[in-house]
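Peer 1: Pasted the sequence and its predicted model underneath.
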Amino acid sequence: MLRALIRSIALVAASNIIFLSAAIADTWPDKPVRIIVPYAPGGIADLVARLIAPLLQEGLGQSIVIENKTGASGSLGTAYVARSAPDGYTLLLGLAAPQTLNQFIYKVDYDGVKDFAPITLVNTNPMVLMVKASLPVTNVRELIAYAKAHPGKLNFSGAGGLTSYSGEIFKHMAGIDMVDVRYRGGAPAVTAAVSGETDLTFANYSDALPWMGSDRLRALALTGSKRFPQSPNLPTIAESGLPNYNVTGWSALFAPAGTPPERINKIAAILSKGFKRPDMREKMAKIGAEPGGGSPQELADLVRTDANKWKSFVEKTGIKIGQ
């Protein structure tokens, strides 16, 4: 009888624990949720974060707070989220470079694959290779020929991450010598090319858009693997002189590793549904992005694939990019 009584008490206690855990889970979120953006306000990452905030606010029933934590080419803000509590209240708008590339180029305080719980892909966006109007080239082949005829004379502007890495990969694959000039944001990097301070730039589509078709800069090609719907006549670098070149930017939502799966799945479902709305697709198009979506596992596969690709490339070429 005593054993039966103890067993009954244990069952009741276990049931209460399960009930209490479910009750706690059901209250999430009961306070504002933060999205950490590891880049400055006004850039593609910040714009995308502010586009998805209303979707999450509507779906979660809580305020969404955007916080910009900049530095070290996106690595400082990314590391901050890696060290945050895995409770679903601190999220990261992660970008391709700090998530899959930076750790192979210089020391960072996180592992872009192991320290995060992937939620969903937010968007993809190409970068644009643009040259100053006075440079006597009209396509990628002419640019490569000009650079080979003037070794070390050309310089290109970028803002760290994939904008600078695009140029380094271009240099390596084309067998040319150009100087990497670093700026503290995408817009200043483009402005440098507009003013003639640099000869060319690799810019996020959103930063390039105001100058495409102007008389100050000449857009030569896109860095991605395919043409972009907003600029169907602009070729890719791969099809216009440098086969197999492909650098595609993306951003995605992450939480610290260990965040409860039910919270991860809830956020992923909200965004995946929201990205199908015509108004959201239109808003993304205006900033030069294509909406994402998909499951946490699909994002995990993308991150792992990109990390392996960049690790292999860095080890093979010995490319170094400062912060």
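Peer 2: Happy to help now that I have it.

Peer 1: Contacts only, for E142.
Peer 2: With CB atoms under 8 Å, 6 or more residues apart in numbering as the criterion, the residues that contact E142 are P136. Bear in mind the C-beta positions are built from the backbone N, C-alpha and C, glycine included.

Peer 1: What residues of the host helix or strand of it count as buried?
Peer 2: Counting by DSSP states H and E, the element that carries E142 is helix 140-149. For helix 140-149, the neighbour count (16 or more other CB atoms under 10 Å) marks V140, E142, L143, I144, Y146, A147 as buried.

Peer 1: Setting the sequence-adjacent residues aside, check what's closest to P151.
Peer 2: Among residues not flanking P151 along the chain, D177 sits closest, at 4.5 Å (CB to CB, 6 or more residues apart in numbering).

Peer 1: Tell me how many other residues crowd that neighbour.
Peer 2: If you count neighbours by other CB atoms under 10 Å, D177 ends up with 13.

Peer 1: wait, isn't G43 in contact with G185?
Peer 2: Yes - if you go by CB atoms under 8 Å, G43 and G185 touch, sitting 6.1 Å apart.

Peer 1: what is in contact with these two at once?
Peer 2: Common neighbours of G43 and G185 (CB under 8 Å, 6+ apart) are A159.

Peer 1: so where's this structure uncertain?
Peer 2: Counting by pLDDT under 70, the chain contains low-confidence ranges at 1-26, 320-323.

Peer 1: where along this protein do the strands fall?
Peer 2: For the chain, strands defined by DSSP state E occupy the ranges 33-37, 64-68, 90-95, 116-125, 127-132, 154-158, 178-182, 200-204, 217-222, 249-256, 290-293.

Peer 1: Paired strands for the second one, with orientation please.
Peer 2: When you say that, I think you mean strand 64-68. Sheet pairing of strand 64-68 (DSSP bridges) gives strand 33-37 (parallel).

Peer 1: Pull the number of nearby residues for the nearest residue to V194 once chain neighbours are set aside.
Peer 2: With sequence-adjacent residues excluded and distances taken as CB to CB, 6+ apart, V194 is closest to R216, at 4.8 Å. The tally of other residues near R216 (other CB under 10 Å) stands at 15.

Peer 1: Spatially central residue for this protein, please.
Peer 2: The residue lying closest to the centre of the chain (CA atoms, centre = their mean) is L95, at 2.0 Å.

Peer 1: Which strand residues bridge that one?
Peer 2: S251.

Peer 1: Quick one: distance of stretch 267-277 to the chain centre.
Peer 2: A distance of 18 Å separates the centroid of the chain from that of stretch 267-277, by CA atoms, centre = their mean, to the nearest Å.

Peer 1: For that stretch, list the C-alpha coordinates in CSV.
Peer 2: What follows is stretch 267-277, C-alpha atoms only, in CSV (Å, rounded to 0.1, in the frame of the first residue of the first chain):
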residue,chain,number,x,y,z
ILE,A,267,8.0,32.2,-35.6
ALA,A,268,8.9,30.3,-38.7
ALA,A,269,5.3,29.6,-39.5
ILE,A,270,4.3,33.3,-39.0
LEU,A,271,7.0,34.6,-41.4
SER,A,272,6.6,31.9,-44.0
LYS,A,273,2.9,32.7,-44.2
GLY,A,274,3.6,36.5,-44.3
PHE,A,275,6.1,36.2,-47.1
LYS,A,276,3.4,34.9,-49.4
ARG,A,277,1.4,38.1,-49.1
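
Peer 1: ok, back up a step: how much does the helix holding E142 deviate in direction from strand 127-132?
Peer 2: 60 degrees (axes from the mean of the first three to the mean of the last three CA atoms, to 10 degrees).

Peer 1: what's the angle between helix 140-149 and strand 178-182?
Peer 2: 100 degrees.

Peer 1: Alpha carbons only: can I get helix 140-149 in PDB?
Peer 2: Taking Å, rounded to 0.1, in the frame of the first residue of the first chain, the C-alpha atoms of helix 140-149 are listed here in PDB:
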ATOM      1  CA  VAL A 140      33.100  42.500 -67.000                       C
ATOM      2  CA  ARG A 141      35.500  41.300 -69.700                       C
ATOM      3  CA  GLU A 142      36.700  44.800 -70.400                       C
ATOM      4  CA  LEU A 143      37.100  45.400 -66.700                       C
ATOM      5  CA  ILE A 144      39.300  42.300 -66.300                       C
ATOM      6  CA  ALA A 145      41.400  43.300 -69.300                       C
ATOM      7  CA  TYR A 146      41.800  46.900 -68.000                       C
ATOM      8  CA  ALA A 147      42.800  45.600 -64.500                       C
ATOM      9  CA  LYS A 148      45.400  43.300 -66.000                       C
ATOM     10  CA  ALA A 149      46.800  46.100 -68.100                       C
END
